[in-house]
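Visitor: sequence unknown, structure follows:
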C-alpha cells in the first residue's frame, strides 16, 4: 500500500469576508504543484459561507461536482431548471458535461453554512448535463459506512455520477475498526476526516486531515475518537 498524507493545516486558505475557503488541492488563488489532484479527485474545498451570501451564476463544463453540506443549507439554481435547497444530510451531484451555469447561496440570511464542494474529472466528456440530490439521514447507522455515490446507475439507494467512483460516509464511536474493500481494481481511496481522530496504517488523521491511499485493495481504519469519515474511491487516471 502507498499513501499520501494531506494535513489540514497545510491546506490553501482564502478569506474574502463572506467566504472562508480551505483548499485541499490547488484552486483559485492557491497553487501548489504537489497538490493539484489525487487521481480523478481534482477539488476538495471546505467552504464557510456567511449568511445572506453565496456564489452568483457561474459556468462549469466537463466536471463531476458533488456538494455535501456539513452544517446549514445551500440554495441551488441552474440552467437546467433545477431549483432547490440542499440541507445537511443531503448530497447533491451535478454532471456539468457540455456546459451549465448555476448559483449557490446560503439559505439562511443570518447563520453561516459549511459545505464541502468536490470535483472529479469525468469518465466521459461532453455528456448531457444532469443534476440529482438525495437525503441520507434516515439510512446512516452508527459504526457503519453508508454508500452515497455509486457507479451503478441501476441503484436507487445511491446517487450516480459520470465516473467509476464510490463515496461512503460513516459516524463511528471510539475504538472501532472499519474495514474497507475497494469496489474497483486499480482505484485509489481518499479518506477525509470531517470530525474526530482515526489511524490508518500507522498514520494518525485528525479533523479535516486527508490521506490518499493506492496500490492496495483494502484498508482498515481505527477510530480513536468519535469520528465522521468521508471515503472517496476514485480512478487513479
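Guide: Noted; the coordinates are in hand. For clarity, every value in this text was computed on a predicted model and none was experimentally measured.
Visitor: was I right to think residue 25 contacts residue 34?
Guide: No - shown here, residue 25 and residue 34 do not form a contact pair, counting by C-beta atoms under 8 Å, at 10.0 Å. Heads up, the C-betas are built off the backbone N, CA and C, glycines and all.
Visitor: higher neighbour count, those two?
Guide: More crowded of residue 25 and residue 34, by other C-beta atoms under 10 Å: residue 25, with 22 against 8.
Visitor: where does pLDDT dip in this protein?
Guide: Within the chain, not a single segment meets pLDDT under 70.
Visitor: could you find the closest non-adjacent residue to the most centrally placed residue in it?
Guide: The residue lying closest to the centre of the chain (C-alpha atoms, centre = their mean) is residue 118, at 4.5 Å. Distance criterion C-beta to C-beta, 6 or more residues apart in numbering; nearest residue to residue 118, sequence neighbours excluded, is residue 66 at 4.3 Å.
Visitor: residue 29 too?
Guide: residue 14 (5.4 Å).
Visitor: go on, residue 78?
Guide: Nearest to residue 78 is residue 102, by C-beta to C-beta, 6+ apart, at 3.6 Å.
Visitor: wouldn't residue 127 be in contact with residue 98 here?
Guide: Yes - applying C-beta under 8 Å, one finds residue 127 in contact with residue 98, separated by 7.1 Å.
Visitor: quick one, what contacts the residue nearest to residue 29?
Guide: 20, 21, 23, 28, 29, 30 (C-beta atoms under 8 Å, 6 or more residues apart in numbering).
Visitor: show me what contacts the second one?
Guide: It stands for residue 21. Here residue 21 is in contact with 13, 14, 15, 28, 45, 46, 47, 48 (C-beta under 8 Å, 6+ apart).
Visitor: tell me how many other residues surround the third one.
Guide: It stands for residue 15. Residue 15 has 10 nearby residues by other C-beta under 10 Å.
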